[in-house]
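Asker: Give me a 3D structure for the following:
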Amino acid sequence: METRAGDPGAFAHFDLNRVPSPAFVVDAAKVRANLGVLRQIGDASGARVLAALKAFSMWSLGSTVAGTLDGVCASGLYEARLGREEYGGPRGDKEVATYCAAYKAEDLPEIARLSDHLIFNSPDQIARFRPILDEARAAGESFDIGLRINPLHSEGEVPKYDPAAPCSRLGFPVDQLTAEHMRSVDGIHMHSLCEQDFPPLARTWAAIEPVLRPYFGHLKWINFGGGHHVTRADYQIDDLIAFLKGVRETTGAEVMIEPGEAIALDAGILVGEVLDLFDNGMPIGITDISATCHMPDVIEAPYRPAMLGEEDDGTPTRLGGPSCLAGDVIGDYRLPGGAAIGQRFAFLDQAHYSMVKTNSFNGVPLPSIWLWDSESDALTLVREFGYADFKTRLS
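Answerer: The predicted model follows:
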């Protein structure tokens, strides 16, 4: 998988020795800039813009996000609670839209209390949980019911990140929709993009619009989900704005998008240190950053994260983590000035997904989290982790 992010921005001038290693460093100024682009899209199109917590849930910036966007989207009870507690805004009036592939009955009452939109993965779930939903509404809770549809139109580059891949578990197949299904919902949700620009969205809508046309006028809202790389420099923002306006006018429905990665794109780095060097057919470097523990997408996608200041020429060093997993390999890099024990380095564009996916397999320590403001140069420790964090996850 090839990522198009990796612009160093202000990090090109950041002294990596200002933080311990390993450490995530997030630039608040870059997050604000990304949020500004998203607010521009919302204002110009009339669409509501929700932050996808699954990608970036650094809630110390919750008030910043809430002050700019219309709310958040959550993937279950815990994210819905985080969204309501930390992203509700000063008046607590920001939206929480919750979608989960399958809910537990015991969780639904609280999720309904926390959510403005409760989105299901299939009509059968809605029917099965109707008594719980009716009881929640009778108790005074107010929420819309949504259905995630699978457009059956694939634009994904990597099958495991493509919700529209054959036999996908995500979303109800759009060709199976009936009028009876649609009578039970207030809106529909779709999400089949991943780090993509505008044309894939336009093609997806063109593929499913004829199927949905009979329900225009009934739907209160249409949620186009995430995967929109709208803060990337080459994204077609004007086309997106025109599209969202057009959908609102054509369907009579409110329109939403749920960017996650776009909020933190190029806004964070992961600082590491070379712990050891040796040769085994090529230079091998052991670092305190683990792909397995700190950047799982490097293995899952897979992809090669960009390195701050990497040189164009010279002998590459294969960098890997300290865990016992043989495949804990980040990639081959030409470190600035050549690899050396004790050398600091940083991987770019690590604020989204990496931070939310960290784990302590093998007892590998978690990176601390720092907030830097490139406009004021203020640097603040947000969180550091120790043995207690590792131990309390076990029994």
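Asker: In this protein, where is pLDDT below threshold?
Answerer: Counting by pLDDT under 70, the chain has low-confidence residues at 1-5.
Asker: what's near enough to touch the spatially most central residue of it?
Answerer: In the chain, the residue lying closest to the centroid (C-alpha atoms, centre = their mean) is residue 55, at 2.1 Å. Listed by C-beta atoms under 8 Å, 6 or more residues apart in numbering, the contact set of residue 55 reads 226, 260-261, 263-264, 352-353, 356. All C-beta spots, glycine's among them, are computed from the backbone N, C-alpha and C.
Asker: Helix, strand or coil: sort out it for me.
Answerer: coil (DSSP: H, G, I helix; E, B strand; the rest coil).
Asker: Can you name the next helix or strand after the longest helix anywhere in the chain?
Answerer: In the chain, taking DSSP state H as the definition, the longest helix is helix 28-45. Counting by DSSP states H and E, the next helix or strand C-terminal to helix 28-45 is strand 48-52.
Asker: Next, the angle helix 28-45 makes with that next one.
Answerer: Going by axes from the mean of the first three to the mean of the last three C-alpha atoms, to 10 degrees, strand 48-52 is angled at 150 degrees with respect to helix 28-45.
Asker: any idea which helix or strand comes after strand 48-52?
Answerer: Proceeding N to C from strand 48-52, the next assigned helix or strand is helix 62-66, under DSSP H and E.
Asker: list the contacts for the closest residue to residue 226 other than its chain neighbours?
Answerer: Leaving out its chain neighbours, the residue that sits closest to residue 226 by C-beta to C-beta, 6 or more residues apart in numbering is residue 258, at 4.4 Å. By C-beta under 8 Å, 6+ apart, the contact set of residue 258 is 49-52, 73, 97, 191, 223-226.
Asker: Tally up the residues packed near the residue nearest to residue 92 when sequence neighbours are not counted, please.
Answerer: Spatially, and ignoring its direct neighbours in sequence, residue 92 is nearest to residue 84 (7.7 Å; C-beta to C-beta, 6+ apart). Residue 84 has 20 neighbours, counted by other C-beta atoms under 10 Å.
Asker: The one 5 residues further on too?
Answerer: Applying the criterion other C-beta under 10 Å, we find 16 residues in the vicinity of residue 89.
Asker: Then residue 100?
Answerer: Residues near residue 100, counting by other C-beta under 10 Å: 21.
Asker: Please report how far the nearest residue to it once chain neighbours are set aside lies from residue 99.
Answerer: Nearest residue to residue 100 in three dimensions, chain neighbours excluded: residue 76, at 4.8 Å (C-beta to C-beta, 6+ apart). According to C-beta to C-beta, to the nearest Å, residue 76 and residue 99 sit 9 Å apart.
Asker: Please say which of these two ends up with more neighbours.
Answerer: Per other C-beta under 10 Å, whichever of residue 76 and residue 99 has more neighbours is residue 99, with 28 against 18.
Asker: For that one, give the beta-bridge partners.
Answerer: With DSSP bridges applied, residue 99 shows beta-bridge pairing to residue 119.
Asker: Let me see the contact set for it.
Answerer: 73-75, 119-121, 146, 148, 189.
Asker: So which of the residues you listed are in strands?
Answerer: 73-74, 119-120, 146, 148, 189 (DSSP state E).
Asker: Switch those over to TSV; also include distance to residue 288 and neighbour count.
Answerer: TSV is the format used below for the ones in strands among the contacts of residue 99 (distance: C-beta to C-beta, whole Å; neighbours: other C-beta atoms under 10 Å):
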residue	distance to residue 288	neighbour count
73	34	31
74	32	30
119	40	24
120	43	26
146	43	25
148	40	21
189	40	24
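Asker: which of the residues you listed lies closest to residue 311?
Answerer: residue 73 (40.2 Å; C-beta to C-beta).
Asker: Was I right to think that closest one contacts residue 53?
Answerer: Yes. With contacts counted by C-beta atoms under 8 Å, residue 73 reaches residue 53, the gap being 6.9 Å.
Asker: Quick check: neighbours shared by these two?
Answerer: With C-beta under 8 Å, 6+ apart, residue 73 and residue 53 have common neighbours residue 83.
Asker: Tell me where the stretch 251-395 of the chain has helices.
Answerer: 261-264, 291-294, 297-300, 354-357, 387-391 (DSSP state H, counting those that start in this stretch).
Asker: Mean neighbour count, those: which tops it?
Answerer: helix 261-264 (a mean of 28; mean count of other C-beta atoms under 10 Å).
Asker: List the contacts of that helix.
Answerer: Residues contacting helix 261-264 (C-beta under 8 Å, 6+ apart): 26, 31, 34-35, 37-38, 51-52, 55-56, 58, 65, 195, 226-232, 351-353.
Asker: For it, list the C-alpha coordinates in CSV.
Answerer: C-alpha atoms of helix 261-264 as CSV (Å, rounded to 0.1, in the frame of the first residue of the first chain):
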residue,chain,number,x,y,z
GLU,A,261,-7.2,10.5,8.9
ALA,A,262,-7.7,13.8,7.2
ILE,A,263,-7.9,15.5,10.6
ALA,A,264,-4.4,14.4,11.6
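Asker: before we move on, the earlier item: out of the helices of the stretch 251-395 of the chain, nearest to residue 22?
Answerer: So among the helices of the stretch 251-395 of the chain, helix 291-294 is nearest, using C-beta to C-beta, at 6.6 Å.
Asker: Can you tell me which helices and strands that closest one packs against?
Answerer: If you count contacts as 3 or more C-beta pairs under 8 Å, 6 or more residues apart in numbering; DSSP states H and E, helix 291-294 packs onto helix 297-300.
Asker: Please enumerate residues in contact with the helix it packs on?
Answerer: So helix 297-300 is contacted by 160, 291-292, 303-305, 327-328, 330-331, 353-354, 357 (C-beta under 8 Å, 6+ apart).
Asker: would you list the residues you listed in CSV and tack on distance to residue 92?
Answerer: Below are the contacts of helix 297-300 laid out as CSV (distance: C-beta to C-beta, whole Å):
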residue, distance to residue 92
160, 37
291, 39
292, 39
303, 38
304, 42
305, 37
327, 45
328, 43
330, 42
331, 44
353, 28
354, 30
357, 29
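Asker: looking at it, residue 204 is touching residue 150, isn't it?
Answerer: No. Here residue 204 lies out of contact with residue 150, judged by C-beta under 8 Å, at a distance of 10.9 Å.
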